[in-house]
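**Q** Prediction below, plus the sequence it came from.
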Amino acid sequence: MESKSSIGKFGEEQAKAFLERNGFKILEKNFRTKFGEIDIIAIDEDTDEMVFIEVKARSSSEFGFPEEAVNYKKQQKIKRAALEYLAANKIYKDWRIDVVSIILNGKEVNDIKIIKNITQY
């Protein structure tokens, strides 16, 4: 069985490629603040929105879908980190928080999807 960190790293690589194929411009990965980490920061080129993306990868959905792990508490941490990023970089544009959900079978992607705008400000 692979470690959580290796599944997470592989999942982030797959998410980045998936996002780029779907019209996102990646600005930054693994942005850390005192509130936590944002996995990927990107621009959705279709909407010109700043997007803060949480990547959740699982080796199966036996114990629930990956996106279910992004609960209210986690959303609030991402929101605080996103606001810090926006302020530090003097960015004044629409933004949202998305989740990329990935189910893996070893090094194969069984399912990958994006859940847009998981929380309202």
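**A** Perfect, I can see it now.

**Q** what about stretch 102-117, how long is it end to end?
**A** End-to-end distance for stretch 102-117, by Cα to Cα, to the nearest Å: 17 Å.

**Q** which parts of it are buried?
**A** 102, 103, 104, 109, 112, 114, 115 (16 or more other Cβ atoms under 10 Å). Every C-beta, even on glycine, is put in place using the N, C-alpha and C of the backbone.

**Q** again, but for stretch 6-21
**A** Within stretch 6-21, the residues scored as buried using 16+ other Cβ under 10 Å are 7, 8, 10, 11, 12, 14, 15, 16, 18, 19.

**Q** Tell me which residues are up against it.
**A** Contact with stretch 6-21 is made by 26, 29-30, 39-40, 42, 53, 55-59, 100, 102, 104, 107, 109, 112, 114, as judged by Cβ atoms under 8 Å, 6 or more residues apart in numbering.

**Q** One more pass at 7 Å, please.
**A** Residues outside stretch 6-21 that contact it (Cβ atoms under 7 Å, 6 or more residues apart in numbering) are 26, 29, 39-40, 42, 55, 57, 59, 100, 102, 104, 107, 109, 112.

**Q** so how far is that stretch off the chain centroid?
**A** Here stretch 6-21 is found 9 Å from its chain centre; the criterion is Cα atoms, centre = their mean, to the nearest Å.

**Q** any idea of the mean pLDDT for that stretch?
**A** Per-residue pLDDT values over stretch 6-21 give a mean of 90.

**Q** Now for the buried residues of stretch 102-117: which two are most distant?
**A** Farthest-apart pair in those is 104 and 115; separation 17.3 Å (Cβ to Cβ).

**Q** mind listing the helices for this structure?
**A** 4-21, 72-88 (DSSP state H).

**Q** Redo those as CSV? Include distance to residue 66.
**A** Formatted as CSV, these follow (distance: least, Cβ to Cβ, whole Å):
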stretch, distance to residue 66
helix 4-21, 8
helix 72-88, 12
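
**Q** Residue 63 is nearest to which of these?
**A** Closest to residue 63 of these is helix 4-21 (Cβ to Cβ; 13.0 Å).
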